[in-house]
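Trainee: The following block contains a protein sequence and its predicted model.
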Amino acid sequence: QVQLVESGGGLVQAGGSLRLSCTASGRTFGSYAMGWFRQAPGKERESVATIAWSGRSTYYADSVKGRFTISRDNAKITVYLQMNSLKPDDTAVYYCAAKLTGRTVVLTRANEYDYWGQGTQVTVSS
C-alpha cells in the first residue's frame, strides 16, 4: 500500500499563487506516475496535471496550461503543483494520485490511478 498526504492548500485572492505538495509513504519502491486532480462542488473529478516517474513527460489540462507547473523529487518521493495566476474557477479540493507503472508513462485519467490522498482545499476569492 501507498499513502499519499497533500499539503499547501488554502485561501488566496485571484491572481495569487499557491504551491501544493504531496508526499508518498509506505510501499514506494518502484516507479510511480503521479498526478493532481481536482473536484469542485457538484462537478466531476477532473485532471489538472500529471507527471511520469522520470519527470520528463507531463500533461496539463487546457484550463491550467501556462499557469500551473507540476514537478517531482523522487528522492523525497514528493510531487509538487505550483499554481500561479489563480482564478475563482480553480476553487476545488485538490487530490494527489499515484500509480505503479513504467518510468516514462504519463497517465491522464483519474480511473487509471490506484492510490489517492485525502485532498486539500484550494479557495480562490474574487
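Mentor: Good, I have the coordinates.

Trainee: Provide the secondary structure category for the residue at minimal distance from the centre of the chain.
Mentor: Note on the chain: the residue nearest the mean C-alpha position is Trp36, at 2.0 Å, using C-alpha atoms, centre = their mean. The three-state assignment at Trp36 reads strand, by DSSP: H, G, I helix; E, B strand; the rest coil.

Trainee: Local confidence estimate at it?
Mentor: pLDDT, Trp36: 98.

Trainee: Who does it form a beta bridge with?
Mentor: Ala49, Cys96 (DSSP bridges).

Trainee: how close does it get to Val124?
Mentor: Trp36 sits 15 Å away from Val124 when distances are taken as C-beta to C-beta, to the nearest Å. Bear in mind the C-beta positions are built from the backbone N, C-alpha and C, glycine included.

Trainee: With Ala92 instead?
Mentor: 9 Å.

Trainee: How about Tyr59?
Mentor: In this structure, Tyr59 and Val124 are 22 Å apart, going by C-beta to C-beta.

Trainee: Would you mind telling me which of the two has the busier surroundings?
Mentor: Val124 (20 against 17; other C-beta atoms under 10 Å).

Trainee: ok, the residue lying closest to Tyr94 once chain neighbours are set aside to Gly102 distance?
Mentor: Leaving aside its sequence neighbours, Tyr94 sits nearest to Arg38 (C-beta to C-beta, 6 or more residues apart in numbering; 4.9 Å). To Gly102, Arg38 is 25 Å away according to C-beta to C-beta.
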